[in-house]
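**Q** Generate a structure from the sequence data that follows.
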Amino acid sequence: MIRLGSLAGYPFEGPRTLGGWTPPARPAVYAVMYKPDPARETYAVIYVGHSDDLSAEGFPFNHPAAPCWVKRAGGRWGVYICTYDVPGGLRSHREQIAGELAAIYRPTCNEQQYDRSWKDEWIGGYTAPTTGPLTTSREPGEPQNR
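**A** A predicted model of the protein is given here:
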């Protein structure tokens, strides 16, 4: 099991070698990875996707992005996959999770990239008593700011 996402909130099954994996016929979010340093147990996410049926995605190597995975990993046996079966999740939930993971990890083999920033006009401005300047010092023992 590996945890991915903001605050490592999603428990994914795996990672397992993609080359020896038979995908189950079930919906899931998936992340394709490789080991930047084969001597360590650390993985880098290179692709994130979701599916209504993993067995129909073309795994292990008939997926449209598979050539990118193999190139990035340095060979077929260096590609790993992990999956997350969203409990009670609909397609929209899987899309949201895949988008969140793509924004966090910026996987190089995904065609669509997501920006992790926002513009003020997207959320609007506001003022509130709690958004003013600090009234206390940042350091203990210093006089209060007024």
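**Q** I'd like the average pLDDT over stretch 86-93.
**A** Taken as a whole, stretch 86-93 has a mean pLDDT of 91.
**Q** buried residues in it?
**A** Within stretch 86-93, the residues that count as buried by 16 or more other Cβ atoms under 10 Å are 86, 89. In this view, the C-beta of every residue, glycine as well, is placed from N, C-alpha and C.
**Q** same deal with stretch 50-68?
**A** 50-51, 54, 57, 59-60, 63, 65-66, 68.
**Q** And those, which is closest to residue 89?
**A** Nearest to residue 89 among those, counting by Cβ to Cβ, is residue 50 at 9.4 Å.
**Q** elements contacting the lengthiest helix in the chain?
**A** Looking across the chain with DSSP state H, the single longest helix is helix 91-105. Packing contacts for helix 91-105, counted by 3 or more Cβ pairs under 8 Å, 6 or more residues apart in numbering; DSSP states H and E, involve strand 28-34, strand 44-51.
**Q** The ones you listed into a markdown table, with extra columns for mean pLDDT and distance to residue 93?
**A** Putting the helices and strands packed on helix 91-105 into a markdown table (pLDDT from 0 to 100; distance: least, Cβ to Cβ, whole Å) gives the following:
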| stretch | mean pLDDT | distance to residue 93 |
| --- | --- | --- |
| strand 28-34 | 96 | 9 |
| strand 44-51 | 96 | 9 |
